[in-house]
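J.: what follows is a predicted structure for the sequence shown.
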Amino acid sequence: MPPMIRHRFCLLSFALFAQTFASHTALAAEEVSAQKYPDVLSATVQARGADSFDFDVTVSSPYDSPRRYADAFRAMGRDGTVFGERTLFHDHAGEQPFTRDLYGVKIPPGVRAVVIQGRDQKYGYGGKTVEVVLPGR
């Protein structure tokens, strides 16, 4: 194949590849960005003292970017009473799912379980939650 034709063939092949990749990437990004809330995948809890607990929470927010991300999660009672909240100050786009802690949460003696819920920077609280039973209760 003459060099000029080979050059044009390579350019055309690259252009088709780039267009296909861009279309696929845009579709995937659109599907991910349609997710409004982060999902809590799991949570573990340990008693720290009589009424104090430590949580390790795993969150999935595949839409995370510097422009919009999961910016908090909270531990709350079944009645909606919030006992503790962890604020997240940056995106976790390169770390999905991610696990963070929330330590020293004071929970009244009558509460036997808490619900862990994530928050989106734009849409607020929502998504999949996890309920954990408090040890020793």
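T.: Thanks, I have the structure now. Residues are numbered from 1 along each chain as shown.
J.: for the chain, which segments are assigned as strands?
T.: Along the chain, counting by DSSP state E, strands occupy 39-47, 52-60, 70-76, 82-87, 98-106, 113-120, 124-133.
J.: can you add mean pLDDT and mean neighbour count and give the ones you listed back as a markdown table?
T.: In this view, the C-beta of every residue, glycine as well, is placed from N, C-alpha and C. Formatted as a markdown table, these follow (pLDDT from 0 to 100; neighbours: other C-beta atoms under 10 Å):
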| stretch | mean pLDDT | mean neighbour count |
| --- | --- | --- |
| strand 39-47 | 98 | 17 |
| strand 52-60 | 98 | 20 |
| strand 70-76 | 97 | 23 |
| strand 82-87 | 98 | 16 |
| strand 98-106 | 98 | 15 |
| strand 113-120 | 98 | 22 |
| strand 124-133 | 97 | 15 |
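J.: pull the number of nearby residues for Gly49.
T.: Other residues within reach of Gly49, judged by other C-beta atoms under 10 Å, total 9.
J.: if I look at it, how far off is Leu134?
T.: According to C-beta to C-beta, to the nearest Å, Gly49 and Leu134 sit 12 Å apart.
J.: likewise for Ser52?
T.: Computed with C-beta to C-beta, the distance linking Ser52 and Leu134 is 11 Å.
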